[in-house]
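Participant: sharing a model that was predicted from the sequence below.
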Amino acid sequence: MNRILTKKELNPTVTLMEIEAPLIAGKAEPGQFIIIRSHSDAERIPLTVADFDREKGSVTVIFQIVGAATMRLNSLSEGDSVANFAGPLGRATHTEGIKKAAVVGGGVGCAIAYPVTKKLFEQGTEVHAIAGFRSKDLVILEDEFRRHSTEFFAMSDDGSWGEKGLVTDALKKLIESGEQYDEVITIGPLIMMKFVCALTKQYGIKTIASMNPIMIDGTGMCGCCRLTVGGKTKFACVDGPEFDGHEIDFDEAMSRGRMYAAFEKRAREETCNLLKMDGNGGNA
Amino acid sequence: MAGREPKKHEMPTQKPEIRAHNFDEVALGYTMELAEAEAVRCLGCKNKPCVSGCPVNIDIPEFIAHLKQKDIEGAYEVISKTSSLPAVCGRVCPQESQCEHECTLATKLNLEPVGIGRLERFTADWHRNNKKTAPEKPVPNGHKVAIIGSGPSGLTCAGDLARLGYAVTIFEALHTAGGVLVYGIPEFRLPKSIVGAEVETLKQLGVEIMTDVVIGRTLTVDELFERGFEAVFIGSGAGLPNFMNIPGESLCGVYSANEFLTRSNLMKAYLDDSYTPIMKGGKVAVVGGGNVAMDAARTALRLGSEKVYIIYRRSLEEMPARKEEVEHAMEEGIEFHLLCNPTEVLGYKNENDPRDPKNGFVRAIKCVKMELGEPDENGRRRPHEIPGSDYELDVDSVIIAIGTSPNPLLKDTTKGLEVNKRGGIIIDEHGLTSRDKVFAGGDAVTGAATVISAMGAGKIAANAIDDALKGKE
């Protein structure tokens, strides 16, 4: 059992939780993830570490309310405890020796892009952070990004925030204006990462993508999170979650991500109604 | 000996047509009368050949002698002297290749061996149902030992050390203790209440169990020593599932057996109100011939599949699964495709509609027939493809149960811990690794094997840890 120290609604569908977990806080690094279960009959879900405070002994996660598991997690309040919290899992983002980088985040993926951006910035790397959202009311962590990046580029699909366009438009413009990146790091929807990687491949820029496939145990036992990277089967939980973006089979990953779409839809509807009934899920 | 019954007494089971649709235990266990009648078949040999066939050396003729006298608690005391998990072993050990294989009735008299496993199960179940007294807490000896993993090797090592007075802490990565006994072996073969009771007994002995702690990540082996543990036992299990590396293995509907069984067992997807999704119904192909393959096939059947196939590249004779499980699977209507190997998993692709929800899902498995050639280095005859014998089986999901490879986590985070070329941790005959005071056993060392061999390894390591620490002040 781990206590929820802070709960903050970042936008109507994205929630931040700071959770008490001294051992994990002592170890966590940007790029790693934890496995969380809200209740003792809930699914195990992987959430990437959004922040950590080693002294306070807390780990922050940010999640989008997409299905039954995140809906139930979101029904908990400050002071409540989650049933299980294990980690930190996966390999940390490799940041050593990078002099200049572009970090490209999309949607709730920005929750993961932010700690990576911050770590690079704090070690003295010149960081261009590009964040994309559908519209202004979905924006998260804007101030944090601005404070911890050399330059910040805001993009929205409808033009209600920053510039109208896709993150790839911004990245392309920067590359073509002569910016020389040692590495591009991208975190967001699979389709966005696929196009970021396709773009950087044209220019031969090393690109790392952070993958978030369906997982169960998250510790290297079940093989559910497998993906194909460079023609080989890799496991996101132990080999990743970050991989060479030019080698990832994104189409396969997108197809596998839809495996339980029908089940999820049903579970979401049922859970939604349940939470409405007991009055916990006003924003679900 | 004249009049000795030639066959083992059958153990009552649920009828196949009924049990194929529920998750209740298949085998119901001996009654008192059956147990007595079976116990009488034991010759009580002085040289006890059966004991040498038991990886944890249970004094088999001795416990059966107590059963002959209807002293069941006495029998239990004999078993529990050397085995921490008798109710589990009675159910999942491959007795036909261990204790019962050495039984004089079989080796000298050409009769069926004594049903040792069935008697062990009877004894353990009787104890659990009739004796509610907690075991006496041993006198602490002041030494601390850490155990990584709460599967059969870890639980055994912990139990043996706790009985000697050690302060034992088990670190488990998952949210429930039991390892493969809870995530892998299904309810109908090993009820989780039995695993829970065995774990509870260890807690009563003073063993502390910390779940949600991933050693190698949350804490490292070196940090365990810094925290005052004087020895560490690694029983972290088999690790990541192997795949066949054939086209189509990433289609939706292709599972590793570990994933399929974890969803059903640990995450309770077999219950109607579970939050964990699993593909149910339709036709299922399970690839492999071990106990895990049988468990996956029979789980799929119980989840409502209309047809379940086992696809195995050798013949029934070479099948590594426990005999009873193969028989049960056949009785339940699972169709065996022997001498048959998958070459491709085929998926749906609607060229006219990229949004067809079936796109990316399994539609069939392509196989080729095999024949057996010369024996390989393990003495098993090596299968060869018969050219041109390809055929397709229409299926909706495929479960791959062809073994596992060790998880690299502990090797990568423990300096000086040596592994072999397959990734298994290297140990000496006492279970000691290349690191001082770090011991290992079970699947993390051998690769996927049996519950009882893991228990045997846990026991050897517990003795070695005791030897290494007891002289120390």
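Facilitator: Received, thanks. Numbers count the residues shown, from 1 in each chain, chains lettered A, B, ... in the order given.
Participant: pull up the pairing partners for the longest strand along chain B, direction included.
Facilitator: Ranked by residue count and defined by DSSP state E, the top strand of chain B is strand B:362-375. Neighbouring strands of strand B:362-375 in its sheet, by DSSP bridges, are strand B:340-347 (antiparallel), strand B:381-385 (antiparallel), strand B:391-394 (antiparallel).
Participant: from those strands, which stretch is densest packed?
Facilitator: strand B:340-347 (a mean of 20; mean count of other C-beta atoms under 10 Å in any protein chain shown). Bear in mind the C-beta positions are built from the backbone N, C-alpha and C, glycine included.
Participant: residues of the stretch 51-200 of chain A that sit close to chain B?
Facilitator: Residues of the stretch 51-200 of chain A lying close to chain B (C-beta under 8 Å from any C-beta of the partner chain) are A:68, A:69, A:72, A:83, A:84, A:85, A:86, A:87, A:88, A:89.
Participant: the first one contacts residue B:277, doesn't it?
Facilitator: What that stands for is residue A:68. No - if you go by C-beta atoms under 8 Å, residue A:68 and residue B:277 don't touch, sitting 9.6 Å apart.
Participant: specify which residue of the two has the higher count of neighbours.
Facilitator: residue A:68 (24 against 21; other C-beta atoms under 10 Å in any protein chain shown).
Participant: can you classify residue B:284 by secondary structure?
Facilitator: strand (DSSP: H, G, I helix; E, B strand; the rest coil).
Participant: ok, the nearest residue to it once chain neighbours are set aside to residue B:16 distance?
Facilitator: Of all residues not flanking residue B:284 in the chain, residue B:300 sits nearest, at 4.3 Å (C-beta to C-beta, 6 or more residues apart in numbering or on different chains). Taking C-beta to C-beta, to the nearest Å as the measure, residue B:300 and residue B:16 are separated by 15 Å.
Participant: so those two - more neighbours on which side?
Facilitator: In this view residue B:300 and residue B:16 are compared by other C-beta under 10 Å, and residue B:300 has more residues nearby, 28 against 14.
Participant: returning to what we had before: which of the strands paired with strand B:362-375 has the lowest mean pLDDT?
Facilitator: Mean pLDDT values for the strands paired with strand B:362-375 show the minimum at strand B:381-385, a mean of 89.
Participant: is residue A:88 located within a helix, as I assumed?
Facilitator: No - according to three-state DSSP, residue A:88 belongs to no helix; its state is strand.
Participant: and the pLDDT at it?
Facilitator: Reported pLDDT for residue A:88: 96.
Participant: how many other residues sit next to residue B:435?
Facilitator: So residue B:435, with other C-beta under 10 Å, has 19 neighbours.
Participant: surely it is in contact with residue B:416?
Facilitator: Yes - applying C-beta under 8 Å, one finds residue B:435 in contact with residue B:416, separated by 5.1 Å.
Participant: and residue A:4, bridged to which residues?
Facilitator: residue A:19.
Participant: just residue A:185 next, same as before
Facilitator: Beta-bridge partners, per DSSP bridges, of residue A:185: residue A:103, residue A:208.
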